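Engineer: Task: produce atomic coordinates for the following.
(one chain, ligands or ions: 1)
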Amino acid sequence: MMADRVPPMRLGAIPDGLVERIGLLLGKVPTPIGEAMYSMPVARSLQVAQRTGILGALAEGPRDPAELAEHLGLQAKGTVRVLDVIATLGHVKQNPDGTYEMTASGRRWLDPRSDTYLGDFLADTYEYWDWYAGLEDLVRDGKHVELHEKAADDPYWQSYIRGQYQLARLSSAEVAKAIPLAKGAHSVLDVAGAHGEFSMALCRQHEGMRATIVDLPGSARVGEEIVAEAGMAERVRHLVGDMFQVDYDGHYDAALCFNIIHHLSPEQIRALFQRIRAVLRPGAPLCVLDLYDREGGQRANLASILGLFFHLTSGADTYTTDEVSRWMGESGYGSVEIKSLRTLPDLRLLVAKAV
Ligand SMILES: C[S@@+](CC[C@H](N)C(=O)[O-])C[C@H]1O[C@@H](n2cnc3c(N)ncnc32)[C@H](O)[C@@H]1O
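Structural biologist: Here you go, the predicted structure:
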């Protein structure tokens, strides 16, 4: 096995000016106050500004806050306060005439016309608020949320899967290039592939490639819409159902298993890898993209914060690359290559060929 390293990221206080920089360096800034008190209004202001349409309206151009609030049926005072919180993040700014507008960096992520728009993902994080309210129950009693057990027609699936699509668009071209396809490969199975963006990226890069996505009904319905909107419905199909039960309907030249094993137990992961192995042609790669637990001795980082989120929303866990590589070996695959990706610095792509 081999892996190249991308340095881990952390969140922290950014000093404003020399005095704060020195204070921070000397350990004189009471950072726990900021961490506990400021992170909540920052997160909630972004979520609320997205849901109420404040961000969408500002993407159209500068707006007077009172006029903006009236237009959206909101309260002027609360609107201004929320805008000021978002201004501290640099996504919007107030002009000398009192209007607010989106900054160039804000537009990159928050303007619906941008190719890197993340608005649905932001809206989806609104749901996280209630889940984190149950964190103490998780720590005290092991009670977790079941993210994927909502009814198929629950509106939640729209923001969840469109949000995941927007995230996937940021890395899909690089990920697709990292998948080692044999010459003449023309079919890929994308287990829990939802929006289909990773499959569509493979199709965009390989003429003649066809993709089959397996996902639950609520997710697949939104995924089918996204694939149709992208004009790829003739090359990308959805098989609707539970990935442990649905017939994978054919044999494939590659399989993707992206951002799903952190929702599963080790037994389920092995069972899934074996199910996929049964429909892979010999030599076809199984590619497992995920966030992996740090090896002993490495310090906690942003990935550790996601690790908590996965535990809270599934009761399962993140695993080390060693563990997952072993399970791949035990499930009918050869040696594992571990790839780092520039666009997904906290994740790793594990690739092993069916033997
Ligand atoms: C975090 S999303 C990942 C989507 C996509 N693979 C990606 O990397 O962006 C997890 C997906 O797993 C799907 N999923 C969860 N449990 C499943 C199951 N038992 N069978 C099929 N899909 C499942 C969810 O519906 C969701 O679409």
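Engineer: Quick one: residues contacting the closest residue to the ligand within the stretch 1-150 of the chain.
Structural biologist: Nearest to the ligand, among the residues of the stretch 1-150 of the chain, is residue 148, at 4.2 Å (Cβ to the nearest ligand atom). (C-beta placed from N, C-alpha, C; glycine too.) Residues near residue 148 by Cβ atoms under 8 Å, 6 or more residues apart in numbering: 216, 219, 263, 314.
Engineer: mind running it again at 10 Å?
Structural biologist: Residue 148 sits next to 157, 160, 192, 215, 216, 218, 219, 242, 260, 263, 313, 314 when contact means Cβ atoms under 10 Å, 6 or more residues apart in numbering.
Engineer: just checking, the fifth one touches residue 150?
Structural biologist: Think residue 216. Yes. The pair residue 216 and residue 150 passes the contact test of Cβ atoms under 10 Å, sitting 9.4 Å apart.
Engineer: which residues do these two both contact?
Structural biologist: With Cβ under 10 Å, 6+ apart as the test, residue 216 and residue 150 both reach residue 157.
Engineer: per-residue confidence at the residue lying closest to residue 310 once chain neighbours are set aside?
Structural biologist: Closest residue to residue 310 apart from its sequence neighbours, by Cβ to Cβ, 6 or more residues apart in numbering: residue 262 at 4.3 Å. pLDDT, residue 262: 93.
Engineer: you'd agree residue 262 is up against residue 313?
Structural biologist: Yes. Using Cβ under 10 Å, residue 262 is in contact with residue 313, at 9.3 Å.
Engineer: Distance of the residue of the stretch 1-150 of the chain closest to the ligand relative to residue 165?
Structural biologist: According to Cβ to Cβ, to the nearest Å, residue 148 and residue 165 sit 17 Å apart.
Engineer: Residue 334: which of the contacts of residue 148 is nearest?
Structural biologist: residue 260 (21.7 Å; Cβ to Cβ).
Engineer: quick one: low-confidence ranges for this structure?
Structural biologist: Applying pLDDT under 70 to the chain picks out residues 1-10.
Engineer: Domains in it, by residue range?
Structural biologist: Recorded structural domains for the chain (assignment: automatic domain parsing) are 38-138, 156-353.
Engineer: Can you pick out the ones from the contacts of residue 148 that are in helices?
Structural biologist: Among these, the members falling in helices (DSSP state H) are 157, 160, 218, 219, 313, 314.
Engineer: wait, which of the residues you listed is closest to residue 127?
Structural biologist: residue 160 (7.9 Å).
Engineer: Quick check: residue 245 is in a strand.
Structural biologist: No. Counting by DSSP: H, G, I helix; E, B strand; the rest coil, residue 245 is not found in a strand; it is coil.
Engineer: Run a quick neighbour tally on it.
Structural biologist: Neighbour count for residue 245, taken as other Cβ atoms under 10 Å: 8.
Engineer: Could you pick out the residues of the chain near the ligand for me?
Structural biologist: 148, 164, 168, 192-194, 214-216, 219, 242-243, 258-260, 263 (Cβ under 6 Å from any ligand atom).
Engineer: In PyMOL, select just the buried ones from the residues you listed.
Structural biologist: Buried subset of the residues of the chain next to the ligand, written as a PyMOL selection, criterion 16 or more other Cβ atoms under 10 Å:
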select buried, resi 148+164+168+192+193+194+214+215+216+219+243+258+259+260+263
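Engineer: And the residues of the chain next to the ligand, which two are furthest apart?
Structural biologist: So, the residues of the chain next to the ligand by Cβ to Cβ: farthest apart are 168 and 242, at 21.7 Å.
Engineer: If we go by neighbour counts, what in stretch 231-249 is buried?
Structural biologist: So, applying 16+ other Cβ under 10 Å, buried residues of stretch 231-249: 232, 235, 236, 237, 238, 239, 240, 243, 248.
Engineer: wait, I meant stretch 282-296
Structural biologist: Going by neighbour count (16+ other Cβ under 10 Å), the buried part of stretch 282-296 is 284, 285, 286, 287, 288, 289, 290, 291, 292, 293, 294.
Engineer: For the stretch 51-200 of the chain, which segments count as helices?
Structural biologist: 54-59, 65-72, 76-89, 104-110, 119-125, 128-133, 135-141, 156-169, 172-177, 197-205 (DSSP state H, counting those that start in this stretch).
Engineer: Quick check, residue 194 in contact with residue 158.
Structural biologist: No. Using Cβ under 10 Å, residue 194 is not in contact with residue 158; the gap is 11.9 Å.
Engineer: So for the two, which residues contact both of them?
Structural biologist: 218, 222.
Engineer: Report the contact partners of residue 275.
Structural biologist: Contacts of residue 275 by Cβ under 10 Å, 6+ apart are 191, 214, 243, 244, 245, 246, 248, 255, 331.
Engineer: The third one and residue 272 touch, don't they?
Structural biologist: Pointing back at residue 243 there. Yes. If you go by Cβ under 10 Å, residue 243 and residue 272 touch, sitting 6.5 Å apart.
Engineer: Give me the common contacts of these two.
Structural biologist: Going by Cβ under 10 Å, 6+ apart, residues that sit against residue 243 and also against residue 272 are 191, 192, 257, 260, 264.
Engineer: just the domains of the chain: most buried one?
Structural biologist: Mean neighbour count (mean count of other Cβ atoms under 10 Å) peaks for domain 156-353 among the domains of the chain, with a mean of 19.
Engineer: end to end, how far does it reach?
Structural biologist: 36 Å (Cα to Cα, to the nearest Å).
Engineer: and it, how far from the chain's centre?
Structural biologist: 12 Å (Cα atoms, centre = their mean, to the nearest Å).
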